[in-house]
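Chemist: Sharing a model prediction with you, sequence too.
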Amino acid sequence: MKQRLGVGIGLAILVMLMIATTVMAQGEPPAPYAGMKNPFPWEDTSAQAAGQSLYKQSCLGCHGIKGDGLAAYDFSKEDFSQSLQARPDYYFWVLSEGRLSNGMPGFKSLSEQQRWQLLTYLDSLTSAPAGGEAPSAPAESAKGILRLTAPEQAVSGESVTLKATFEDSQGKPVANAEMKFYLEVELFTRALMEIGEAVTDEQGVAVLEYTPRRNGNLAAAVRYGGNEARANVNVTGGAEFSYEAEAGIHFPQLGEGIIYPKSVLTLRPGDAAPLPAFRLPGGILSWVLILVATVFMIWFTYFRVMYQIFRIPIVSEIRDINTRLMPSIGMAIVITIGVVLILKLLISPYTHLHIPLS
């Protein structure tokens, strides 16, 4: 008894030490991220432009056009830029692996160069744009005609061109006017979410490139000086996934993963529910089979107990009572539960196939 108690206490201490070590290590990037440096100068405009495109595709929805969408992670603050330049390896680690506890996926599917370009752009969000003529501040009510044109059809994951045109009351194009573009979103209530800004040229035209990630109707809007124009785009599914997130724990694998049927690897039309799939990460030598074997052993133990009860001889005095009914029902339940548990381990929603369990 004392030996068992000692083993239990030892295991508890080991678990607490592992948890404490993990928590303490959260602030420092592990290998291979530790010590990494940005290969681009922080003021590199070409890297910032490439990073801006990536930001619009993957980050804008949560962090907003100016990087201040989340108060706890405000990229527009000066201290963020200072922290980023002082600890680039830490932020590269966070960007690569994500913070699932905060709802942020990892972006390791982006190349290393793209991730550094994205961080270079984040650093620029704290700086005022240099050079060029400053956009004109719109009056509370700028008289004129504002139009928004967009393609009627678009494909999810591919860029859509939103073009705003503004003319004054005399029909002349207005240059250097800052247009704000929005999408109509619904989260408990309908509202407009800003997705970008653009300045009109000499022809009074401002263009914004936006990449939709969801199928269905895309309701876009543009505003300037009290004027508003809208356009709708019907977005349909693309031929391949727009983004593949990475999360989970990497386990050693001894072979290529098995997924059946292969048809689940193709995108389904519209918002159709995902299909279940048979999956063995790491092939027939997958670690998942260890869990299956464990479940089978537990199931077999229950079944053996019920079977032993079933085999207990019936005393002559109670032969009129059906004493085998309950053991029979028990064995049927145990068999059903065992089959269900094994299937739950081997057949999972295809929604989670992007998680690297191998």
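Modeler: Structure received.
Chemist: Helices of the stretch 51-200 of the chain, residue ranges please.
Modeler: 60-63, 78-86, 88-97, 112-124 (DSSP state H, counting those that start in this stretch).
Chemist: And the longest one, what's buried?
Modeler: Read it as helix 112-124. For helix 112-124, a neighbour-count test (16 or more other Cβ atoms under 10 Å) marks 114, 115, 116, 117, 118, 119, 120, 121, 122, 123, 124 as buried. In short, each C-beta sits where N, CA and C put it, glycine included.
Chemist: report the angle between the axes of that helix and helix 78-86?
Modeler: Taking axes from the mean of the first three to the mean of the last three Cα atoms, to 10 degrees, one finds helix 112-124 and helix 78-86 inclined to each other by 150 degrees.
Chemist: Lowest mean pLDDT across the helices of the stretch 51-200 of the chain, which one is that?
Modeler: For the helices of the stretch 51-200 of the chain, mean pLDDT drops lowest on helix 60-63, to a mean of 74.
Chemist: in that helix, what counts as buried?
Modeler: The neighbour-count check on helix 60-63 (16+ other Cβ under 10 Å) flags 60, 63 as buried.
Chemist: and that helix, what does it pack onto?
Modeler: Judged by 3 or more Cβ pairs under 8 Å, 6 or more residues apart in numbering; DSSP states H and E, helix 60-63 is in contact with strand 189-199.
Chemist: one more time with 10 Å
Modeler: helix 45-58, strand 178-187, strand 189-199 (3 or more Cβ pairs under 10 Å, 6 or more residues apart in numbering; DSSP states H and E).
Chemist: Present the ones you listed as a markdown table; the columns should include mean neighbour count.
Modeler: Output for the helices and strands packed on helix 60-63, formatted as a markdown table (neighbours: other Cβ atoms under 10 Å):
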| stretch | mean neighbour count |
| --- | --- |
| helix 45-58 | 18 |
| strand 178-187 | 17 |
| strand 189-199 | 15 |
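Chemist: Make a markdown table out of those and add distance to residue 335.
Modeler: Output for these, formatted as a markdown table (distance: least, Cβ to Cβ, whole Å):
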| stretch | distance to residue 335 |
| --- | --- |
| helix 45-58 | 47 |
| strand 178-187 | 45 |
| strand 189-199 | 50 |
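Chemist: Between these, which one is closest to residue 224.
Modeler: Of all the helices and strands packed on helix 60-63, strand 178-187 sits nearest to residue 224, with 5.2 Å by Cβ to Cβ.
Chemist: Kindly export stretch 37-47 (C-alpha atoms) in PDB.
Modeler: Provided in PDB are the C-alpha atoms of stretch 37-47 (Å, rounded to 0.1, in the frame of the first residue of the first chain):
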ATOM      1  CA  LYS A  37      17.000  37.200 -37.100                       C
ATOM      2  CA  ASN A  38      14.900  39.000 -39.700                       C
ATOM      3  CA  PRO A  39      16.800  38.600 -43.000                       C
ATOM      4  CA  PHE A  40      15.000  41.800 -44.200                       C
ATOM      5  CA  PRO A  41      15.800  45.300 -43.000                       C
ATOM      6  CA  TRP A  42      12.700  46.500 -41.000                       C
ATOM      7  CA  GLU A  43      12.300  49.500 -43.300                       C
ATOM      8  CA  ASP A  44      12.400  47.300 -46.500                       C
ATOM      9  CA  THR A  45       9.400  48.600 -48.500                       C
ATOM     10  CA  SER A  46       9.300  45.500 -50.800                       C
ATOM     11  CA  ALA A  47       9.200  43.200 -47.900                       C
END
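Chemist: which residues are in contact with that stretch?
Modeler: 48, 50-51, 81, 84-85, 88-89, 91-92, 112-121, 123-124, 127, 130-131 (Cβ atoms under 10 Å, 6 or more residues apart in numbering).
Chemist: can you tell me the average pLDDT over that stretch?
Modeler: Across stretch 37-47, pLDDT averages out at 93.
Chemist: Can you give me the buried ones in it?
Modeler: Using 16+ other Cβ under 10 Å as the test for burial, stretch 37-47 gives 38, 40, 42, 44, 47.
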